Structures are given as C-alpha cells and as structure tokens.
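Next come a sequence and a model predicted from it.
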Amino acid sequence: MSVIDLKLLQETKNLERCPFPIPSGWFFVDYSRNLAPGEVRNVFLLDQEWVLFRGEGEDGKPGLTDPYCPHLGAHLGHGGKVVGDNIRCTFHHWEYDPGGWCKKIPYAKIMPPVCKKKPVLRTLPLVEKWGMIWVWYHAQGEAPQWELPSIPEMESDDYVEPREGHWDVNTAIQEVAENGVDFAHIKFLHGEAEIPEAEYSFKDHEYFVSMRGGYIKGHQCGPGLAIYRFHHEDVVATMVSYSVPYTREESKMNMSFTHLKYEEGTKQAMIAKHLVDHAIGEAEGEEGAGFESVDFIVWNNKKYRPNPLLCDGDGPILQYRKWFKQFYPGMEDSDKI
Amino acid sequence: MAEIQVIQRDGSERSIDAPAGEPLMEALRDEDTGVEGTCGGTCSCGTCHVYVDPAWQHRVGAQGEDEEMMLEALAEFVEIRPGSRLACQICMSDELHGLKVEIAPPVE
C-alpha cells in the first residue's frame, strides 16, 4: 500500500527529460526515392551514425550498416564506394553486401572462416515498403520479432499520393506517442469541445484506440509506426505516423496523409482535405488544434515523471507505459521508465 | 612452461619453451619458427598451420568449427594430414611437455 510520495513529487531537479534508451522495433530511415542506386550516405539515427547505401542497378538493394569496417576500422561512409551489390571499404577494398556478409577480400587467398559463417559487419535488418526504407533495431541485436503490418491506403493506386510532413521534436518517441492515450489533453491543450470518449486495447507490440465512437481509430504498431484513421460521414483520411529517434532526446516525427482519390470539388474531397488539415494544424473554421500548433511546446520542455500524479479522467497513461516497456529489453526492472 | 619439439620448414629440429595458458601459436611465432600468426589467434588467417605428431594428436584438444573450415580451405593450397591443426587453437599446458609439431608449408 502506498500513497503519493510528496517529497519525490516535488524534487524535480534530478528528474530526467528522457530516461529511455533507444527502443527496439522497426524504424523509418528515408524514402526509397531519396536513395539512388550506387549511393553511399552517412546518416545519424538511433543514437549513432550509420552508413546507408544502395547497390548498383535498378534493383539495387539498400543496406544500413555500422560505419566501421570489421577489418581495420576505416569508416565505410568516407571514401566507401558501391561496387555491384556491395559497399567497398576504401582502405583495403574489402566488400560487404547489404546483409553485412563479407563478399570479397581482394588479396586474401583464404576467406576467414567467420566470413563464410556469419555477417561480420553489423547491419540492421531492412525492408522497403510503402516507398520507404525501414530497419529493425534491437538493443541486443536480436532478429525482428514482428512484421510491419499492411496499410491498404499505402499499397493501392486508389489513394492520393501521400502528403508528407516532418517535424523535429526535442524528446523521445515514447513521450510523443503517449499523447495518443492522453485523452484529457485533447480538450485542454487542443481545445476540442470535450474529452473524447475512448476505447483501447493493448496486445503484444500493438495497441488500438477508438475515440469519439470511432471518429478516430488508431493503431500503434511497435514504437516506430502508428496509423490513425479519421472518419467523417463516408470519408476516411489516413495518417501514417513514423517517428524515429535521432538521439535519446531528439526525434524526427514523420507523417504521411492520404485518402481515396475523390473528384476535385466534391464534398468528399473537401472533407478529406479538412480532416488532414485538422490533424496537422488548425483547420479553417475550427476551434480544435492539431498537434503542430500546440503539442511541441509541451514535448520540447517537459520532464518525464516515472511516478506522475494522475487523477480520474486521465487516460491509460500507465498501461501505455507498461506496454511500451517491452521495447526496452533489459530494462524490465528499471524504475526510471 | 612446456618444452616442445619443433620441426621447421627446412627440416631442422629444435626445442622451444611454450608458456602454459597461451596458445601454441604465440611461442612458435615469437621463436621465429616460420609461423606468422597474422590474425592473432582467431582462426582467420591460417598462417599457424602445423602437423601434430601422431603420438600427440589425441592430447591437444578437439578442433572447433572455424578451425575445421580453415583446414578445409587450406587443403586447396597445402598438404593436410590427420595431425593438421592451427597452433592458435592449441592451448599450452604443462601436460603438453614434450609435444612434437612440424611447421606446415606456407600458403603461396
């Protein structure tokens, strides 16, 4: 039995803004169109630098590798070159494929046995889907534990080319997504008329939420992907949200919005546009505000309270946090997150 | 410390001291017997290939998977015998006092 520890509640100096490690899961890296065949590029995400490359030719496969050559530690993204399907280190021309297998050592008579058995260069499991490059990150390097779901709106020509948005936010992605279960803030921060009624369920790596009798239906799939569908009359606007941690305290929020192709000028087209506008910012003629105009001031300045003072009417914040903890393998017993 | 008998590539024989607890490769390399040990003992280069005398083969421990793979690969270049081992995978001990090995030819 316990009550609120007032001393703990008032001692905020030692609170961390982001006590979380990088969570495990699938994360967006870039759009496929932004990585040309034969390209090599250094990227920073998931709290470290990586080398992103794509094999030569139209079917060139992308890879995201650790920067440092397993041989003598040269940086593959500085002077490294794509040769066929592989990235070639500039130092001694060792070549690695997108899976991290050493494919060639131009001067060795015998390939080291370990190179025949295992990938020696650390790479992240990678898939290209929805015109995007996704990688699986796991703190202990374990293989993917689930697959990316199907998103019909991103997989059919019946939908408009997605409208994309990107926002830098100075907090961890757990904090960003927590607003999805913080139903009370929707009235007070976003200025909606009422706290939305909501039903929710957490299952394995997913959670599902339905607000205002199904007006908004959300599906969070791991830490790095959420699909929200906004319904109005017979129109559905879909928001695909794919936030990526850069560092432990900086994240990039990425979103794609789409809906069925409606004929221009029709009521449905107008509703669809309105739903999207509303989700992002302040839509014309509305009191409620989307996340762009109001959420950042909170995210960018708040501290994470592992032991918050909650009241009735707050959403399932603690259930959400317990659910999210599965993405921090090895941190099960931590009381900081 | 164990004293071991080494047949070098030119056929000459000599005895060297091999410290217990270290891989045989280290002593062979440090005593300039022709063993290079380039990879430092990780089964990656195949430059410490030796032929263990038949009388000692069952006393030097078993081969690991990487060592087997390296010996298979070496077979394309040099003679492999039942006593073929990578000296980096033989851990020296006082029980190996008197061990006799021949340095295998280099890969060329």
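Received the coordinates, thanks.

Report the secondary structure state of the closest residue to A:Q140 other than its chain neighbours.
Residue nearest to A:Q140 in three dimensions, not counting chain neighbours: A:P329, with 6.0 Å by C-beta to C-beta, 6 or more residues apart in numbering or on different chains. From N, CA and C alone the C-beta is placed, and that goes for glycine too. Here A:P329 is recorded as coil under DSSP: H, G, I helix; E, B strand; the rest coil.

Contact partners for A:P329?
A:S24, A:H138, A:A139, A:Q140, A:E142 (C-beta atoms under 8 Å, 6 or more residues apart in numbering or on different chains).

could those go into JSON lines alongside neighbour count and secondary structure?
Compiled in JSON lines, the contacts of A:P329 are given as follows (neighbours: other C-beta atoms under 10 Å in any protein chain shown; DSSP: H, G, I helix; E, B strand; the rest coil):
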{"residue": "A:S24", "neighbour count": "25", "secondary structure": "coil"}
{"residue": "A:H138", "neighbour count": "17", "secondary structure": "coil"}
{"residue": "A:A139", "neighbour count": "15", "secondary structure": "coil"}
{"residue": "A:Q140", "neighbour count": "7", "secondary structure": "coil"}
{"residue": "A:E142", "neighbour count": "11", "secondary structure": "coil"}
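
Looking at these, which is nearest B:D30?
Taking C-beta to C-beta as the measure, B:D30 sits nearest to A:Q140 out of the contacts of A:P329, at 38.1 Å.

B:A87 versus the closest one, what's the distance?
A:Q140 is 34 Å from B:A87, where distance means C-beta to C-beta, to the nearest Å.

Surely B:V52 and B:L86 touch.
No: shown here, B:V52 and B:L86 do not form a contact pair, counting by C-beta atoms under 8 Å, at 10.6 Å.

More neighbours: which of these two?
B:L86 (31 against 22; other C-beta atoms under 10 Å in any protein chain shown).

Backbone dihedrals for that one, both of them.
Main-chain torsions, B:L86, degrees, to the nearest 10: phi -90, psi 120.

how about the strands in chain B?
All strands of chain B, identified by DSSP state E, fall at B:2-7, B:13-18, B:49-52, B:84-86, B:100-103.

if I look at the residue nearest to A:Q140, how far off is chain B?
Noted for A:P329: a distance of 28 Å to chain B, by C-beta to the nearest C-beta, to the nearest Å.

Give me the pLDDT for that residue.
Here, the pLDDT recorded for A:P329 equals 96.

Which strands or helices does the helix ranked longest in chain B pack on?
With secondary structure taken from DSSP state H, chain B has its longest helix at helix B:65-74. Identification of packing neighbours for helix B:65-74 by 3 or more C-beta pairs under 8 Å, 6 or more residues apart in numbering or on different chains; DSSP states H and E yields helix A:113-117, strand B:84-86.

Please spell out which residues along the longest one are buried.
Within helix A:113-117, the residues that qualify as buried by neighbour count (16 or more other C-beta atoms under 10 Å in any protein chain shown) are A:P113, A:V114, A:C115.

Alpha carbons of that helix, as PDB, please.
In PDB, the C-alpha atoms belonging to helix A:113-117 read as follows (Å, rounded to 0.1, in the frame of the first residue of the first chain):
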ATOM      1  CA  PRO A 113      36.000 -18.900 -41.800                       C
ATOM      2  CA  VAL A 114      33.900 -16.500 -39.800                       C
ATOM      3  CA  CYS A 115      33.100 -14.600 -43.000                       C
ATOM      4  CA  LYS A 116      31.600 -17.700 -44.500                       C
ATOM      5  CA  LYS A 117      29.500 -18.400 -41.400                       C
END
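
now for the very next helix or strand once past it, which elements pack on it?
Past helix A:113-117, further along toward the C-terminus, the next helix or strand under DSSP states H and E is strand A:126-129. Contact here means 3+ C-beta pairs under 8 Å, 6+ apart; on that basis strand A:126-129 packs against strand A:62-65, strand A:132-137.

right, and the ones you listed - which one's nearest chain B?
Shortest distance between chain B and the helices and strands packed on strand A:126-129, using C-beta to the nearest C-beta, is found for strand A:62-65: 20.0 Å.

Quick check: mean pLDDT of the next helix or strand after the closest one?
Counting by DSSP H and E, the next helix or strand C-terminal to strand A:62-65 is strand A:81-83. On average, the pLDDT along strand A:81-83 is 98.

And the contacts of strand A:81-83?
Under the criterion C-beta under 8 Å, 6+ apart, residues A:37-40, A:53-56, A:60, A:87-88, A:90, A:95 lie in contact with strand A:81-83.

Could you list the low-pLDDT ranges of chain B?
Nowhere does chain B drop to pLDDT under 70.

Give me every residue in it lying close to chain A.
Residues of chain B found near chain A (C-beta under 8 Å from any C-beta of the partner chain) are B:39, B:42-46, B:65-67, B:69-70, B:73-74, B:77, B:107.

Mind doing that once more with 7 Å?
Residues of chain B lying near chain A by C-beta under 7 Å from any C-beta of the partner chain: B:C43, B:S44, B:G46, B:D66, B:M69, B:M70, B:A73, B:L74, B:F77, B:V107.

could I get the contacts of A:P329 as CSV with pLDDT?
Converted to CSV, those look like this (pLDDT from 0 to 100):
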residue, pLDDT
A:S24, 98
A:H138, 97
A:A139, 93
A:Q140, 94
A:E142, 96
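
circling back to that earlier point, between the contacts of strand A:81-83, which sits nearest chain B?
Chain B has its nearest neighbour among the contacts of strand A:81-83 in A:E95, at 16.7 Å by C-beta to the nearest C-beta.

OK, contacts around that closest one?
With contact taken as C-beta atoms under 7 Å, 6 or more residues apart in numbering or on different chains, A:E95 is in contact with A:V83, A:N86, A:R88, A:K103, A:K104.

ok, what's across the strand from it?
As for beta bridges, A:E95 partners with A:R88, A:K104 under DSSP bridges.

hmm, back to that, deepest-packed of the strands of chain B, please.
Of all the strands of chain B, strand B:84-86 carries the top mean neighbour count, a mean of 25, counting by mean count of other C-beta atoms under 10 Å in any protein chain shown.

I appreciate the help and will end here.
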